[in-house]
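Peer 1: just the structure for this:
(chains A and B)
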Number of protein chains: 2
Amino acid sequence: MKIAIAQLNPTIGDLTGNAQQIQAAAATAQSQGAHLLLTTELSLCGYPPRDLLMQPAFVDAMDRTLLQLAQDLPPQIAVLVGTVVPNHRSLQFGGKPLFNSTALLYGGTVQQQFHKRLLPTYDVFDEDRYFEPGSSSHTFELEGVRIGVTICEDLWNDENFWGKRNYATDPLNELVSQGAELIVNLSGSPYSVGKQVLREAMLRQATQTYGLPILYANQVGGNDDLIFDGSSVGLNRQGEIVCRAQAFASDLVLVEFDPISGDLQSGTIAPQPESEEAEIWAALVLGVRDYVRKCGFSKVVLGLSGGIDSSLVAAIAAAAVGADQVLGVLMPSPYSSDHSINDALALAENLGIQTQILPIGNLMKAYDQTFAELFAGTQFGLAEENIQSRIRGNLLMAISNKFGHLLISTGNKSEMAVGYCTLYGDMNGGLAAIADVPKTRVYSICHWLNQQTQIFPESRHRAGSIIPPNVLTKAPSAELKPGQVDQDSLPPYEILDAILCQFITLHKSPAEIVAAGYDSTTVDRVIKLVTRAEFKRKQAPPGLKITDRAFGTGWRMPIANRWLPTSHLPQPPVASSAMAMTSSVAPT
Amino acid sequence: MKIAIAQLNPTIGDLTGNAQQIQAAAATAQSQGAHLLLTTELSLCGYPPRDLLMQPAFVDAMDRTLLQLAQDLPPQIAVLVGTVVPNHRSLQFGGKPLFNSTALLYGGTVQQQFHKRLLPTYDVFDEDRYFEPGSSSHTFELEGVRIGVTICEDLWNDENFWGKRNYATDPLNELVSQGAELIVNLSGSPYSVGKQVLREAMLRQATQTYGLPILYANQVGGNDDLIFDGSSVGLNRQGEIVCRAQAFASDLVLVEFDPISGDLQSGTIAPQPESEEAEIWAALVLGVRDYVRKCGFSKVVLGLSGGIDSSLVAAIAAAAVGADQVLGVLMPSPYSSDHSINDALALAENLGIQTQILPIGNLMKAYDQTFAELFAGTQFGLAEENIQSRIRGNLLMAISNKFGHLLISTGNKSEMAVGYCTLYGDMNGGLAAIADVPKTRVYSICHWLNQQTQIFPESRHRAGSIIPPNVLTKAPSAELKPGQVDQDSLPPYEILDAILCQFITLHKSPAEIVAAGYDSTTVDRVIKLVTRAEFKRKQAPPGLKITDRAFGTGWRMPIANRWLPTSHLPQPPVASSAMAMTSSVAPT
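Peer 2: Model prediction:
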């Protein structure tokens, strides 16, 4: 029996368009002899639909679209479609009004429904907000083969793999006891660095534990801050990969299930990106492309400072939407060094993107004049530095408003963490492309990029590298006052990023971080900066998530907060002011 | 037996400070003869602590602080304190790592723990993200009285009251069957208009159903976007209110439980605000005051346009932090009318706040010159209108940065809904004071305010009214081009606000709204504007929540979204671009 996986890229809420994609995939799959087509979690509306699920009209429209799709599908193929199903028992017995479900469409109708049982409610996931967990797992029979249906998290509860139990129930175990010969899983599993290695290890253990093959179909595409990497896979009873769809691209994969051996046969195995840098690059390009496209834009604009962050974002944008659709704006001030302009222009030329130069000196003077009386007798400081950044933010937004470009902001995760950025200035944008990329990783991706001859081959021919060598070697600087460099205000990025990872991703206490070998004054200072910058992050644009813990939907911190842990011996903490609008380390 | 309710105003994360407040309340209560002191939900860390709960060091510190508090409390009084308790079973059996609990402190130790059973995971609540529900309810005995302990949502599942069951289990029913003679409830229930009427009706029905008295202790104070109104109450077995703490203020209430009659005796009943306007005013004043204070500020700054929104926010700010701590900045442009300046100055004089006048004409010219070449041949439009708003936003932020004022933004809910506001312009601020107040309600609050002789009595003496009459009667205008008024771009506010309420709060479909009597073209246009403005709201400051559905933590919409419902007959919707950075109706 031939089975196809439609690794599609749905747009949230585009029910008609998503249904059309499923229909087209089903037609192709049937023409290639498939009896069954898997799609991904909530494939009809795209994952995650969030509070659209609270509009009854949206749920009704999904239902109508599903019934229409059942009729429009080719007759000879069964299709598993992700949709929501009302929980009619909720009024009488309590519980949430919807199930996160899979519908089996076949012969023009909905044959069967399967409800997701394990509902992730952590990190970026809010499923308990909307859904009631299914109370039991079910199989269906096709061509004499008994197939067990699971949805995403349903497979993420193997206590032997995780070393602990995540949920009380184990759907996989139940399906095995029901005689399932093959497990299918419809997923909407967002990307983070190394996630696919984890997924495949987990699936391998599951197949080996039960001696059952698994077909895992994952969504692909960017939806706001989340990037879905696809990489749908099939594993045979021995836990070997027998097929894999492409990473970060739509795909249709066919695989054969042999009812005699009760196993999946080997098929096409797309390679995974060859390094973490390659993986992150592909993720960010997809994330930018889809955000631009799904929001109805074609062109993007960004500020080019000659620094490494905006250089990388320009390259990502050019790869995402085409160099001719990217406008880089240089906004030099009297504090800008010559190399800033030259490096930015060299980068733009390497990429083949358009540029505009808008010096900000006159605007700075106009603000100085406006404040001449009110600021008389005060020293040049954060306020004046921020004004420069906000002038630039205004210029970029005016271009966005005037010509319809989407503004992409260029701040990295290290900056966003410690607040080394200006709210309403360089933070401006519809999307923050590298907001979850630590500064040290920005460097490693740029070094990697300069070695990839297949990316921007023409530019390579012209310049020898994409990111100008000087951008990689000069000291990072915001250039908001003479001679300023980042390391005046921040620890070296290697140390900063290590401390940030321990605190943000691993939830380590300051004392634990110090015990791991970091200087206590530095650790305490970094954590104070992170805590104080919460008000800035609250107003940041969506940032593409690539780590296990990104600022954004999976980071929910109070702003008016007096918990400020320090590396001192455990004791009830001393209250201290956790936030000030003026608390920038030295805003850029 | 005398029982006290400590209606305290905790600061999130300030474990030491919150413990000190509880200790002081216990000392006072004991000195007045109380045997038991109730505090509120998670009173040790403040509600809601959000992702601070993911830091093991925070949970450990709570535990240490609780044990220390138990020892520091006066010996003769039992105290119920809200805290978290580790769920040690979770590693082996699955589930979340913490319980949301109440600890009974008495005689220097933790005598007993009670876990919250019903975990709200809707609107602004995320409790399933952190907590495992308790599996059973428990009582304790004090002075021979059996007392049943519930936490907030535990009482919100009366199917006879709600007409449907919200949760499968009913803790109240279980406590009754365990012989409870009195029910206590520790709450962290955020304010919305009319919420206390709802709470008291619900509690009345519960007391009447079971013939049991209930003591309900609610948190007070502002925490970011949420305002807790306090209004803790006691109801006797007949469902009559026997005591009530103040609304929107800290309080300590004592009430007598008579073991003979098994009922609460009548005590002090603080009045509730006399109108919805009075209630909202008190809520917003508290919300602003606490955000300013808990973030470590003392002074605030805001832009004064002479319009009704900034006039109301200035009055709220003056009431919250004192007129002498408020700076109003007038930033007239060539498009500003004379009355704008005069009205703003009159308001400032009425309130007694400081003002600064910073004309923006020269800055507008400097931007025009900067863009002379790039924008040559284009028409004056949204880009130029937004530049004015963003100049003002920059000026306000520079003052905030220079002098340490917290910037309060002045946009109302109607504007935020349809995107009639400029991102990085008038949306700038650390807190959006009236972001959840519809424009029609802004008017009614201002009319109400002008009739309150006890608010700003000195100003009243000087001017006769707080809000200058002309502010109340002139047509609302953004004044970003000559002759502009809001109603050029928007339906009349009475109609707009009615449509917005139906769509946002009541989840009505466009067809249903049209059926309720609204013009279909207007309804479709409003809903399109709401959908397209999502990217702006994503970057808005926290806005004080006063309605059942506020934009902010309880509104989680995708940005790249093609679901755009219309009033046409039900059919699969047609995809359409849902967002554009340039989509302002006419930004202000």
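
Peer 1: residues near the residue lying closest to A:Leu98 once chain neighbours are set aside, how many?
Peer 2: Leaving aside its sequence neighbours, A:Leu98 sits nearest to A:Val84 (C-beta to C-beta, 6 or more residues apart in numbering or on different chains; 4.8 Å). Bear in mind the C-beta positions are built from the backbone N, C-alpha and C, glycine included. Here the count is done by other C-beta atoms under 10 Å in any protein chain shown, and A:Val84 has 25 residues near it.

Peer 1: just checking, A:Val84 touches A:Leu53?
Peer 2: Yes. If you go by C-beta atoms under 8 Å, A:Val84 and A:Leu53 touch, sitting 6.6 Å apart.

Peer 1: quickly list what's touching both of these two.
Peer 2: A:59, A:98 (C-beta atoms under 8 Å, 6 or more residues apart in numbering or on different chains).

Peer 1: establish whether stretch A:527-540 and chain B are in contact.
Peer 2: Yes. Stretch A:527-540 is in contact with chain B by C-beta under 8 Å from any C-beta of the partner chain, via A:535, A:538-540.

Peer 1: and what of stretch A:482-493?
Peer 2: No. Residues of stretch A:482-493 contacting chain B under C-beta under 8 Å from any C-beta: none, with a closest distance of 15.7 Å.

Peer 1: ok, now how distant is A:Leu252 from A:Ile269?
Peer 2: Going from A:Leu252 to A:Ile269 by C-beta to C-beta, to the nearest Å gives 15 Å.

Peer 1: get me the contact residues on the stretch 101-250 of chain A for chain B.
Peer 2: A:121-122, A:126, A:128-129, A:157, A:164-169, A:222-224.

Peer 1: and the furthest pair within these?
Peer 2: A:Ala168 and A:Gly222 (33.7 Å; C-beta to C-beta).

Peer 1: so for these two, which residue has more residues nearby?
Peer 2: Shown here are A:Ala168 and A:Gly222; by other C-beta under 10 Å, A:Gly222 has more neighbours (30 against 12).

Peer 1: A:Val285 is in contact with that one, correct?
Peer 2: No. Between A:Gly222 and A:Val285 there is no contact under C-beta under 8 Å: 9.5 Å.

Peer 1: I'd assumed B:Glu373 was in contact with A:Gln356.
Peer 2: No. Using C-beta under 8 Å, A:Gln356 makes no contact with B:Glu373, being 9.1 Å away.

Peer 1: may I have the phi/psi pair for A:Asp126?
Peer 2: Main-chain dihedrals, A:Asp126, degrees, to the nearest 10: phi -130, psi 40.

Peer 1: three-state assignment of the closest residue to it other than its chain neighbours?
Peer 2: Take A:Asp126 and drop its neighbours on the chain: the residue closest to it by C-beta to C-beta, 6+ apart is B:Arg556, 6.8 Å away. Assigned with DSSP: H, G, I helix; E, B strand; the rest coil, B:Arg556 falls in the coil class.

Peer 1: with A:Leu80 instead?
Peer 2: Assignment for A:Leu80 (three-state DSSP): strand.

Peer 1: quick check, it in contact with A:Leu42.
Peer 2: No. If you go by C-beta under 8 Å, A:Leu80 and A:Leu42 don't touch, sitting 11.9 Å apart.

Peer 1: now do the same contact list for A:Val124.
Peer 2: By C-beta under 8 Å, 6+ apart, the contact set of A:Val124 is A:48, A:190, A:225-226, A:545, A:550, A:552-554.

Peer 1: ok, the residue nearest to A:Asp126 - contacts?
Peer 2: A:50-51, A:126, A:129, A:553.

Peer 1: still on that earlier bit, who is the residue nearest to A:Leu98 paired with across the strands?
Peer 2: Per DSSP bridges, residues listed as beta-bridge partners of A:Val84: A:Asn100.

Peer 1: related to what we said a few turns ago, which among the residues of the stretch 101-250 of chain A next to chain B count as buried?
Peer 2: Neighbour counting by 16 or more other C-beta atoms under 10 Å in any protein chain shown classes A:121-122, A:126, A:128-129, A:157, A:165-167, A:169, A:222-224 among these as buried.
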